[in-house]
Every structure is written in C-alpha cells, then in structure tokens.
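K.L.:
sequence and predicted structure are below.
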Amino acid sequence: MTIEASLAEPAKSDAGGPPVIELRHVSKTFGEVRALSGVDFLVNRGEIVGLLGDNGSGKSTLVKVVMGFYQPDAGGEIYFHGEHIDNWSVARARGLGIETVYQERALCEKQPIWRNMFMGRELRTRLGLLDVERMRNECARLMSEHMGFTSAAVHPNNVVATMSGGEKQGVAITRALYFEAELVILDEPTMGLSLSETRKTLDFVGNIKKAGKSAIFIDHNIFNVYPVVDRLYVLDRGKLAGVYLRSEITIDELIDRLYRVARTGTMELQS
Amino acid sequence: MTEEAAGARPVGNKGAPPSLLTRYGSQMGIIGVGFAMWLAFVIAAPRVFTDLDIYRAFAETTPLFGIVALSLTFVVITGEIDLSFPSVMALGTGAFCLVTYYGGAPWWVGLIVGLGTGAACGLLNGLLVASLNIPSLVITIGTQFLFRGLELVLMNGTGVPLLADKYPQMHALLREPAFGVPVQTLWMVGILIVEWVLLNRTQFGAHVFLVGDNQISARLMGVNAGRVKIKAFVLVGVTAVFCGMLSSIYGYYFWPSTGDGSLLNTIASVFLGGTSVFGGTGSVVGTFVASFIIGAINAGIVSAGVNAFYTQLAFGLVIVVSVVLQTIIDRRIRRQSVTGQ
C-alpha cells in the first residue's frame, strides 16, 4: 500500500469502538530490574498519544512491548481491537499494522536506502523472489515525493551511512508510513535533528492524525509533544504517574505536574 | 553491501544512478588481481601457463574447496565464522561410506545420509551461536574437534576405497567430465548461480545482509536473526559434505583426514572475494573468482620455479591485505556516517 492510500482514508470516530491497542496490567522485568510495573495503557483509533517521563521511566520499554520486541511478564495482557493477543512479536505487530520509528532509527547503514525502506517486509514477485526493481522504483518515488529529495540528488542505491541525520529519519518515517500502518510509534523521533528537520517530523505526526490513523509519540521535549497529542501518559520509575487529556490541562500545568512527579513519584491518575 | 549496491555513491552526488564501475568495483578489482596474477605466471612460466592442462587442473581442484567457500560467504556476511567445516567434510563423507560401503545401502541413500549429517552439524553450530550467543569463532573451533573426533571414532581411523566399479553413479555425477568440461567446475558454477539467487533475490538473502550489518536494527524490524544465522550454518554444513564427497571421489578414496588443509584456502577465498570480516557486505561472485585465484597461487608458484614455501607466504599476504583494505573501507563509511559527508 502506498503512503497516499495509507493516508487517504478519512478519519473515523472511535466512539464505541475498542481501542486499537490496549495493554492491561503490563510489567516487564530484566533480571532484578523492574522496568515496568502494572501499567495500563491504550490508544484509540485516530488518537495521538504522548508518552512523557524522565530517563529510565520505562517509556522505551513500554513501546517495545507495544511493538512486540519484548513480551510482557506473566499476568500482563495485550488486546488489539479488543481481541486478546498471544505470542506477540514484532512480525505479528507489523502484520497487524503497527509500525515504529525508533530512537536509534533501526537502519542498516552499510545497506542501500531501498533495502532499508523495505527491511523485514520485502516486496516479492509471484514466484516468491525479491522484486528488487519494484523496491528501487518505489523507494525512488517515496524519496522524491515524501522525503523532500529531488530526483537527481539521491539514488535508492546510496548506502544509508552517507546520509545526514534528518535524511536517515526521513527514511525511518517514510518506511513506517509506507505499509498499512494503523498505529505508528515514534520513539524520540526528533533526537539529534535540526529545527527544520524537527518541524518536518512534527508535520508527519499531524498527517498521521489527519488520515485517521493513531500514533504514540515519545519525546523528551514536552514542547514538541504537547501541541500534537490528544492525550498524555506520564511514566515514572516504571509506573504510570498520570494520564491527561490535552484539552483539560495547559502546558504550564503539565510542566508543574511533571516536576512534582519527578520529585515525589506521586501517582496522579486523571481522565 | 549487496552485489548491486556495492560501492554505492554518497548522497551529495548528482545525476544518474551509480555507474557499473561504482556498483561492481569490488568484483572488478578481484578480476583485475586475478588477471594480473595470471599475466605474472604466464611471464614466469610460459610453457606451463599456455598449456590447457594447467587450467584443467585448476578447474578440477578449485571447486573442492571453492564450493564451501561460496556458502561460507553467507555465514561471514552475517558477521559470524565457521571453522568446523573441514571436519564436517570428513564426518559427512564418512557417514556416506558407513551407510554404503559397510551398510550396503544404495548410493543415493548414502548421499542423503551424508548431506543430512552436514545439515545436522550446521544446525548444531547455528543453534549454539544463535540461541546461546556463543561467539562462532570459539564454538566452531570446539565443534571442529568434536566432528573430527566423531568421524575418527566411527570410521576407526580407516579409509574407504571409492572406485568407479562400486560407485558408478557417484563417479558419473562428481568425477566424469561433462561436454569436455571438468564436472567439478560445472557443479561450482551451478551452485554459484543458485547461491547468487539465494543471496540477492530471496528474503533469506536480504536478511543475511541486514543481520550482519546491524543485528539489533534487523530484530527491531521483525527479522528473526537467529533463524537467519542457523540457515547460513546449515548451508555451510551441507556444501561442506558435498565438497568432501567431491574430493573423495576425485581421489578414489575416502581418507579419515579429508578436509584437512582446506580451511586456509576457503577462508582466504571469502575475504579476498571482498566479503567484510565485520559482516553486512559480501558477494558470492567475488568468492567464486577469489577461489580460482587462491587455487592458482599454489600451482602457479611451483610452476614458476619458486620455492613452494612461498605459497604460505602468498596466502598470508592475501588474507592480511584483504582484511586491512576492508577495515579501511568500513572506517571510511563509519566516518561518513558521523560527519554526514
């Protein structure tokens, strides 16, 4: 599916429908370390959810559970459109339409752009062989139409290592949107980007919402997160420390509460 | 880097897609080295190197290690190494002999048992590396002794004659020339074509590159890195036994020491062929050409009247120079990555 097709679907109301993804009482431990502790989390259709918290609060662990990289500990449950899911994995999550733009971008830098664009979900011919020409052509089209590269400037055969940080992020975001992404997870997508590149990334988030798709947006910078989200989750030391509707809290109030949470670890669940 | 993308151009360059020289520069370089070496040999020993017999000898003997080098390329691209294949050559061929010579089973049953033994050895190596995260360099030294020891115990340290009257089909398949061309080379070309398709036109091949380049990124995008590595090790195991059979039938005899001496040639072929010791880039075409260069070094040095001791020196130089060059190229890519230039 092309990006146009992916984004062309009109936004639908989530009224009455089950959440796109729901985590119930999810914990995750690594040896002695409890990275997540009994977290409940959900994203509705057409909703942009922000995830805030200090370093080590469990944000990245939570999204890695959502996208199937980590299995939750026993007792935690995952629901997709209200249906309980077992054997959660990255391949399963991607198959259901959950795509992720990672903090580390998840690119293979010695490989050409086209191979990165279709990493893990390569296009194949009817015989089951890789459709290399189609992947190259699609990649060239996406690069010129969606990543802002003029046709002559970059070739799909260029290795990713030679691109700038913003260009690499463009590859990661375009890749997430190319497939039938119903839920896009953006894990610190603005890290290391210039102001203009950050602006572009935030525009991408806006486009996701316009298309009626959902997103989880994680960023250290509250000024990036606040304007584009509908609802905000705050994590602290692996626990849920607050849930806020953006319409019901100003950015100054939110900063104040984040500061209080970081200082005291007080739970303050709302909405 | 894949064969199509090898030497891809930097982002800032304008214009048309990368040229043939840019895309296939690595392979062209190897072919250039081969051509230069051939010229040197022709000048040093014109009588030998203008006679077809020497080329027939290359064509018969190079595939005895070159075929497994093609498969080893997959393992090296994933960022791993397999040092146990010489013992697998012996163990699988020994299993063939046990079943057919001592057990009286038909040749094709022996062939299946032998290749199956190779697959099982590869599976064990792959599982130990992928599931337990044991460095392949260490574990395959261990399994090298394990497989060799098992073969010596099973065969009681004795060899088995593999004459044409007892194994006519095996000789027809693995020894008799076809259309005047040494069948060993025909097998190697056939396996090259199959493995080129496997590496460059299948999802498995795509994942081989991704896992070797950045295993964490590949896993984050849903690639089962462990399964990819296991498959690559199985491929080496199966083709190692095939090479063991090829060399045993070629010599009319299975020696318990089958495979000894093939380690250096095979690994040198992979690295000389442009496959990076750091993983993520490599080419079976490069390995194919490099195998024939390595195969020619020994015969070429002796024919040129140079002391055979220089063979080891030449092999050593080839490995050291190719790894150093690959390191320099990798560093340049990393530096470009940091500076964005």
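P.N.:
That came in fine, so what should we check first? Numbering: from 1, shown residues only, chains lettered A, B, ... in the order given.
K.L.:
write out the residues of the stretch 151-300 of chain B neighbouring chain A.
P.N.:
B:197, B:200-203, B:205-206, B:209-210, B:213-214, B:216-224, B:280-281 (C-beta under 8 Å from any C-beta of the partner chain). Glycine gets a C-beta too; all of them are placed from N, C-alpha and C.
K.L.:
and if we set it to 6 Å?
P.N.:
B:201, B:203, B:206, B:209-210, B:213-214, B:217, B:220-223, B:280-281 (C-beta under 6 Å from any C-beta of the partner chain).
K.L.:
report the two of those residues separated the most.
P.N.:
B:201 and B:220 (24.4 Å; C-beta to C-beta).
K.L.:
which one of the two has more residues nearby?
P.N.:
A side-by-side neighbour count of residue B:201 and residue B:220, using other C-beta atoms under 10 Å in any protein chain shown, places residue B:220 first with 23 against 18.
K.L.:
pretty sure the more buried one sits against residue A:105.
P.N.:
No - the criterion here is C-beta atoms under 6 Å, and residue B:220 misses it with residue A:105 at 9.4 Å.
K.L.:
for residue B:169, give its distance to chain A.
P.N.:
32 Å (C-beta to the nearest C-beta, to the nearest Å).
K.L.:
cool, and residue B:257?
P.N.:
Taking C-beta to the nearest C-beta, one finds residue B:257 at 39 Å from chain A.
K.L.:
hmm, residue A:175 and residue A:117 touching each other?
P.N.:
Yes - distance between residue A:117 and residue A:175: 5.2 Å, which falls inside the contact criterion (C-beta under 6 Å).
K.L.:
now, the residues of the stretch 151-300 of chain B next to chain A that are in strands?
P.N.:
Among these, the subset assigned to strands under DSSP state E is empty.
K.L.:
helix or strand for residue A:241, which one?
P.N.:
Using DSSP states H and E, residue A:241 maps to strand A:239-245.
K.L.:
tell me how far that strand is from the chain's mean position?
P.N.:
Offset of strand A:239-245 from its chain centre (C-alpha atoms, centre = their mean, to the nearest Å): 19 Å.
K.L.:
show me what that strand is packed up against.
P.N.:
Judged by 3 or more C-beta pairs under 6 Å, 6 or more residues apart in numbering or on different chains; DSSP states H and E, strand A:239-245 is in contact with strand A:231-236.
K.L.:
rounded mean pLDDT for the helix or strand containing residue B:285, please.
P.N.:
Using DSSP H and E, residue B:285 sits within helix B:284-303. When pLDDT is averaged along helix B:284-303, the result is 85.
K.L.:
I'd assumed residue B:226 was in a helix, is it?
P.N.:
Yes - counting by DSSP: H, G, I helix; E, B strand; the rest coil, residue B:226 falls inside a helix.
K.L.:
setting aside sequence neighbours, what's the nearest residue to it?
P.N.:
In space, and not counting its chain neighbours, residue B:226 is closest to residue B:130: 3.6 Å by C-beta to C-beta, 6 or more residues apart in numbering or on different chains.
K.L.:
before we move on, the earlier item: list the buried residues of the strand holding residue A:241.
P.N.:
A:239, A:240, A:241, A:242, A:243, A:244 (16 or more other C-beta atoms under 10 Å in any protein chain shown).
K.L.:
partners of the closest residue to the fourth one other than its chain neighbours in the sheet?
P.N.:
Pointing back at residue A:242 there. Excluding the flanking residues, the one nearest residue A:242 by C-beta to C-beta, 6+ apart is residue A:234, at 3.9 Å. As for beta bridges, residue A:234 partners with residue A:52, residue A:242 under DSSP bridges.
K.L.:
now residue B:256: which helix or strand?
P.N.:
Using DSSP H and E, residue B:256 falls outside every helix and strand.
K.L.:
so how far is residue B:97 from it?
P.N.:
10 Å (C-beta to C-beta, to the nearest Å).
K.L.:
please apply the same query to residue B:156.
P.N.:
From residue B:156 to residue B:97 the distance is 12 Å (C-beta to C-beta).
K.L.:
for these two, indicate the residue with more neighbours.
P.N.:
Neighbour count, other C-beta under 10 Å: between residue B:156 and residue B:97, residue B:97 has more, with 23 against 7.
K.L.:
follow-up on the earlier one: list the contacts of the residue nearest to residue A:242.
P.N.:
If you count contacts by C-beta atoms under 6 Å, 6 or more residues apart in numbering or on different chains, residue A:234 has them with A:52, A:53, A:241, A:242, A:261.
K.L.:
sort those by pLDDT and name the bottom one.
P.N.:
Within those, lowest confidence goes to residue A:261 (76).
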